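Enquirer: Quick one, what's the 3D model for this:
(one chain, ligands or ions: 2)
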Amino acid sequence: MMLSPSILASDLTDLKNILHLLENQVELLHLDIMDGHFVPTLSFGEVYANVLRQHTKIPFDVHLMVQNPEKEVPKYFDFNPFVITFHYEATHFPVRLANEIKKKNIKAGISINPKTPIEHLEPFLEDIDLVLIMSVEPGFYGQKLIPSSIQKISKLKELILNKNLKTLIEVDGGITENNIKKILDAGADIIVAGSAIFKGNIQDNLKKLKWIS
Ligand code: DX5
Ligand code: ZN
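Expert: Numbers count the residues shown, from 1 in each chain. Ligands and ions are numbered 1, 2, ... in the order given. This next block holds a predicted model:
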């Protein structure tokens with residue numbers, strides 16, 4: 001499993017210490033970029049990502065919850081992130097955009113909202129490196145996982161195996177020590193966690209999540 005803490009759910013005024021705690025403990029740093037249009041919330045963008053980059057070496061996992069991702073994607077190329085993920089619901093040209101990302105030697109990810117059927121991604125699976133399944137409605141941290149997300153993960157895993165692909169599965173939203181095992185068993189490779197890591201003692205929370213998995 002790769003663990004990707006959602007920094008949005010942390011105490012953003014204490015980032016130096018938090019990043020120091022996470023260094024060498026987690027594989028990725030999940031950046032929730034929200035534009036106030038695709039989702040109601042406005043979070044942060046490339047300027048803030050740049051500040052983060054100066055304080056940590058953890059590779060970025062960029063999650064763009066924005067309209068017009070064609071405009072936003074290039075802003076993250078210079079961070080050399082592990083992956084740039086845009087939403088299926090936000091573009092008419094997912095393949096073209098994925099190719100643009102891959103040309104930079106960065107993994108291309110597509111995310112789908114809870115109500116978007118996984119079958120919609122079937123025609124694109126060959127073109128992308130990662131699928132990010134939203135297990136809550138995007139826009140806010142601290143929500144409860146939507147139970148049907150588990151079947152979605154299994155279905156996607158089956159599609160990937162049937163096509164003999166290596167597409168990674170990332171799951172985001174409402175993951176806790178109580179449901180992480182189910183999510184991993186269903187086929188997830190990357191786990192995003194906000195509240196489960198940043199609410200309470202970060203080190204204890206990390207230990208718990210890793211131990212259970
Ligand atoms: C929701 C974001 C998530 C969120 C995760 O729109 O994409 O990354 O911050 O936080 P938790 O784990 O608290 O649901
Ligand atoms: Zn996210």
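
Enquirer: all contacts plus neighbour counts: C-alpha atoms, from now on.
Expert: Will do.

Enquirer: State the number of residues packed around the closest residue to Asp127 other than its chain neighbours.
Expert: Closest residue in space to Asp127, ignoring its immediate chain neighbours: Val95 at 6.4 Å, by CA to CA, 6 or more residues apart in numbering. Val95 has 18 neighbours, counted by other CA atoms under 10 Å.

Enquirer: Could you pull up the residues touching Val95?
Expert: 124, 127-128 (CA atoms under 8 Å, 6 or more residues apart in numbering).

Enquirer: between the residues you listed, which is closest to Glu170?
Expert: Ile128 (12.8 Å; CA to CA).

Enquirer: My read is that that closest one contacts Ala98, right?
Expert: Yes - using CA atoms under 8 Å, Ile128 is in contact with Ala98, at 6.3 Å.

Enquirer: Can you pull the residues that touch both of the two?
Expert: 108-109.

Enquirer: Now do the strands in this protein.
Expert: 2-5, 29-34, 60-65, 83-87, 107-112, 130-134, 168-172, 190-193 (DSSP state E).

Enquirer: will you turn those into CSV that also has mean pLDDT, distance to Glu23 and mean neighbour count?
Expert: Converted to CSV, those look like this (pLDDT from 0 to 100; distance: least, CA to CA, whole Å; neighbours: other CA atoms under 10 Å):
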stretch, mean pLDDT, distance to Glu23, mean neighbour count
strand 2-5, 98, 11, 22
strand 29-34, 98, 10, 24
strand 60-65, 99, 12, 24
strand 83-87, 99, 18, 26
strand 107-112, 98, 22, 25
strand 130-134, 98, 23, 24
strand 168-172, 98, 20, 24
strand 190-193, 98, 16, 25
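
Enquirer: Nearest to ligand 1, out of those strands?
Expert: strand 190-193 (3.8 Å; CA to the nearest ligand atom).
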